[in-house]
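In: Pasting the sequence and the predicted coordinates here, then a few questions.
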Amino acid sequence: MIAAAEYVGTVITMIQPPRTTTRKIKTSKPVVRKIDATLRLDAIEVEASSLAPQLPSPIWEELATMATENTSLLELVDRAKELATSGQLMDNSIKSYAGLWRPFTRWCDGMGLASLPACSATVLLYVAYRSGQHLSPDTISGDLSAIRSYHLRAGFTNPADHAAVSMARQSVARHHAAHGASKKKAHPLTLEEVRSMVECLDQLPFQSPKVVELLRIRIKAVLLIAWFAGRRLDEIARADLGWLKERDGVLFLESNYQKMKRNGFSTPIEKIADRSLCPWTALQAWLDASAPFRGDVQRIFALPKVEASGEIMLKDTLYDAGQVKMAKGWRVGDPRYPTKADFEAKCRAEGLGVATRALRLKLIQWMKLAGIEPDSGDRGLSGHSMRRGLVTQLRSAGVDSRVIADHVGLATIDLVEAYSDAVSKVRVLDVLDL
């Protein structure tokens with residue numbers, strides 16, 4: 001049996017003992033910059049055709065023409081292309097947009113309308129069609145985001161950026177609200193509820209008896225990191241050992257890119273007096289307990305598995321699930337994935353979905369085991385319950401919204417209110433002592 005012990009001293013964030021089998025790690029080849037002007041112009045035209053396979057893209061054609069007529073613009077063309085096309089979407093956003101783009105293209109084909117490029121009138125008609133299906137405002141907003149993404153990445157203007165389309169979307173939202181429809185949100189998990197979950201951890205069932213204690217150490221670390229750091233479960237599923245940095249004796253969980261913080265951010269993993277709830281202690285316990293089985297796996301919360309040989313090894317379920325999808329291959333001309341990079345992003349998103357879903361289901365099972373009930377009918381147990389619980393508790397304690405936003409990685413302070421159930425009990429004029 002593997003058990004967690006009390007840990008003190010320096011945090012070791014990179015532990016890689018050897019194991020008998022290793023997975024090949026593909027190394028990226030260095031990009032060789034083309035010097036010849038003709039070759040670079042050819043590359044621009046090829047990239048343009050791959051970004052917009054259905055129709056030529058006006059802006060890419062214009063750039064190529066300008067560079068042909070004035071070779072002194074080549075450097076600026078390269079830079080403009082890089083700025084316009086480099087890594088603006090996360091993998092799961094590409095997956096989501098692909099799922100919303102397909103219905104739009106099918107509807108356009110059925111109506112005899114062009115989908116790429118589409119005109120604003122077509123998009124307005126589509127909003128009317130989708131509202132007639134009684135879809136939520138969030139779904140219709142997602143439709144418009146997908147249409148925007150596909151057009152901008154192909155070099156076309158955004159047809160959803162029209163006043164009439166915006167007004168139609170707002171009308172849908174008002175109609176939805178007027179009829180009493182509300183979006184079900186995550187129940188905010190309180191610190192006392194977190195404590196009740198930790199107290200019944202020994203009762204949480206797992207299907208693998210040989211690694212049950214290892215799995216419990218892992219899920220406890222996930223819970224406490226998710227709550228105290230306010231991290232999303234997909235971030236925790238993606239986190240690798242390189243995200244752990246120690247500065248001035250404090251351990252930070254960093255990420256270079258996040259959905260709401262495009263430049264990334266870092267969160268301290270705090271040491272607290274109550275060691276049963278200490279996120280630093282829980283993480284260190286998991287790193288130490290999993291070290292003998294980690295091998296070359298870099299994902300922090302990789303899943304312990306028992307091999308057919310009886311050997312215990314950590315498995316990167318995110319990577320493995322993505323490889324299964326990628327094995328199906330990409331077909332040129334597939335309207336769902338204009339480029340091979342889009343398909344590969346979809347595969348990675350599939351893997352992330354598998355890993356995140358497994359964490360979410362286990363945490364919800366644990367909440368139910370602890371007897372936690374949503375505090376209202378429009379709340380439910382969710383993978384966001386930890387993040388929402390921390391924001392709510394911090395706001396209730398009077399912590400500044402900017403501090404909360406920086407801690408949990410929210411882009412604006414407006415989102416702090418959206419993530420919180422806290423209600424101020426102070427009247428506005430009370431602070432003036434009038």
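Out: Done, it's in. Numbers count the residues shown, from 1 in each chain.

In: what's the burial count for residue 330?
Out: 16 (other CB atoms under 10 Å). Every residue, glycine included, has its C-beta placed from N, CA and C.

In: and if you look at residue 380?
Out: 14.

In: my read: it touches residue 372, true?
Out: No. Using CB atoms under 8 Å, residue 380 makes no contact with residue 372, being 11.1 Å away.

In: anything in contact with each of the two?
Out: Among the neighbours of residue 380, those also in contact with residue 372 (CB atoms under 8 Å, 6 or more residues apart in numbering) are residue 187.

In: What residues sit buried inside the strand or helix carrying residue 65?
Out: Assigned by DSSP states H and E, residue 65 belongs to helix 58-69. Using 16 or more other CB atoms under 10 Å as the test for burial, helix 58-69 gives 59, 60, 63, 64, 67, 68.

In: Generate JSON lines for these, with distance to residue 309 and pLDDT as supplementary columns.
Out: Output for the buried residues of helix 58-69, formatted as JSON lines (distance: CB to CB, whole Å; pLDDT from 0 to 100):
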{"residue": "59", "distance to residue 309": "56", "pLDDT": "74"}
{"residue": "60", "distance to residue 309": "53", "pLDDT": "72"}
{"residue": "63", "distance to residue 309": "56", "pLDDT": "82"}
{"residue": "64", "distance to residue 309": "57", "pLDDT": "82"}
{"residue": "67", "distance to residue 309": "58", "pLDDT": "84"}
{"residue": "68", "distance to residue 309": "61", "pLDDT": "86"}
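
In: any idea how far residue 399 is from the residue nearest to residue 402 when sequence neighbours are not counted?
Out: Distance criterion CB to CB, 6 or more residues apart in numbering; nearest residue to residue 402, sequence neighbours excluded, is residue 413 at 5.7 Å. According to CB to CB, to the nearest Å, residue 413 and residue 399 sit 12 Å apart.

In: tell me the domain ranges of the protein?
Out: Listed by automatic domain parsing, the domain ranges of the chain are 37-85, 91-178, 191-369, 373-432.

In: could you give the mean pLDDT of the last one?
Out: Per-residue pLDDT values over domain 373-432 give a mean of 77.

In: Then the third one?
Out: For domain 191-369, the mean pLDDT works out to 87.

In: What's the end-to-end length of that domain?
Out: Taking CA to CA, to the nearest Å, domain 191-369 runs 16 Å from one end to the other.

In: List the contacts of residue 340.
Out: By CB under 8 Å, 6+ apart, the contact list for residue 340 reads residue 330.

In: Can I get stretch 155-167 as PDB, trimmed to CA atoms?
Out: What follows is stretch 155-167, C-alpha atoms only, in PDB (Å, rounded to 0.1, in the frame of the first residue of the first chain):
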ATOM      1  CA  GLY A 155      -8.800  36.100 -44.500                       C
ATOM      2  CA  PHE A 156     -12.400  37.300 -44.900                       C
ATOM      3  CA  THR A 157     -14.100  40.000 -42.900                       C
ATOM      4  CA  ASN A 158     -16.400  38.900 -40.100                       C
ATOM      5  CA  PRO A 159     -20.000  38.900 -41.400                       C
ATOM      6  CA  ALA A 160     -21.300  38.600 -37.800                       C
ATOM      7  CA  ASP A 161     -19.900  42.100 -37.000                       C
ATOM      8  CA  HIS A 162     -23.000  43.900 -38.100                       C
ATOM      9  CA  ALA A 163     -25.400  46.000 -36.000                       C
ATOM     10  CA  ALA A 164     -28.400  44.000 -37.100                       C
ATOM     11  CA  VAL A 165     -26.800  40.700 -36.100                       C
ATOM     12  CA  SER A 166     -25.800  42.200 -32.700                       C
ATOM     13  CA  MET A 167     -29.300  43.500 -32.100                       C
END
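
In: Now that stretch: buried residues?
Out: For stretch 155-167, by 16+ other CB under 10 Å, it's 155, 156, 158, 159, 160, 165.

In: can you tell me the helix or strand for the fifth one?
Out: This points to residue 160. Under DSSP H and E, no helix or strand contains residue 160.

In: For whichever strand or helix holds residue 94, give the mean pLDDT please.
Out: Following DSSP H and E, one finds residue 94 within helix 91-111. For helix 91-111, the mean pLDDT works out to 83.

In: Can you tell me what sits against the helix or strand hosting residue 172?
Out: Taking DSSP H and E as the criterion, residue 172 maps to helix 163-178. Helix 163-178 has contacts (CB under 8 Å, 6+ apart) with 120, 123, 124, 127, 128, 131, 136, 137, 140, 141, 144, 159.

In: Centre of the chain to it, how far?
Out: Centroid separation for helix 163-178 versus its chain: 27 Å, with CA atoms, centre = their mean, to the nearest Å.

In: rewinding a little: surely the residue nearest to residue 402 meets residue 401?
Out: Yes. If you go by CB under 8 Å, residue 413 and residue 401 touch, sitting 4.1 Å apart.

In: Who has more neighbours out of those two?
Out: Per other CB under 10 Å, whichever of residue 413 and residue 401 has more neighbours is residue 401, with 18 against 14.

In: Please report the distance of that one from residue 354.
Out: 34 Å.

In: swap in residue 305?
Out: Counting by CB to CB, the gap from residue 305 to residue 354 is 14 Å.

In: same check, this time on residue 153
Out: To residue 354, residue 153 is 26 Å away according to CB to CB.

In: rewinding a little: mind putting the contacts of helix 163-178 into JSON lines with secondary structure and distance to residue 316?
Out: Shown next, in JSON lines, are those (DSSP: H, G, I helix; E, B strand; the rest coil; distance: CB to CB, whole Å):
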{"residue": "120", "secondary structure": "helix", "distance to residue 316": "44"}
{"residue": "123", "secondary structure": "helix", "distance to residue 316": "40"}
{"residue": "124", "secondary structure": "helix", "distance to residue 316": "45"}
{"residue": "127", "secondary structure": "helix", "distance to residue 316": "41"}
{"residue": "128", "secondary structure": "helix", "distance to residue 316": "45"}
{"residue": "131", "secondary structure": "helix", "distance to residue 316": "42"}
{"residue": "136", "secondary structure": "coil", "distance to residue 316": "35"}
{"residue": "137", "secondary structure": "helix", "distance to residue 316": "37"}
{"residue": "140", "secondary structure": "helix", "distance to residue 316": "36"}
{"residue": "141", "secondary structure": "helix", "distance to residue 316": "33"}
{"residue": "144", "secondary structure": "helix", "distance to residue 316": "35"}
{"residue": "159", "secondary structure": "coil", "distance to residue 316": "40"}
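
In: Make CSV from the residues you listed and add distance to residue 343 and pLDDT to it.
Out: Formatted as CSV, the contacts of helix 163-178 follow (distance: CB to CB, whole Å; pLDDT from 0 to 100):
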residue, distance to residue 343, pLDDT
120, 29, 91
123, 25, 92
124, 31, 92
127, 28, 91
128, 32, 91
131, 31, 87
136, 28, 79
137, 30, 82
140, 26, 87
141, 25, 88
144, 23, 91
159, 25, 91
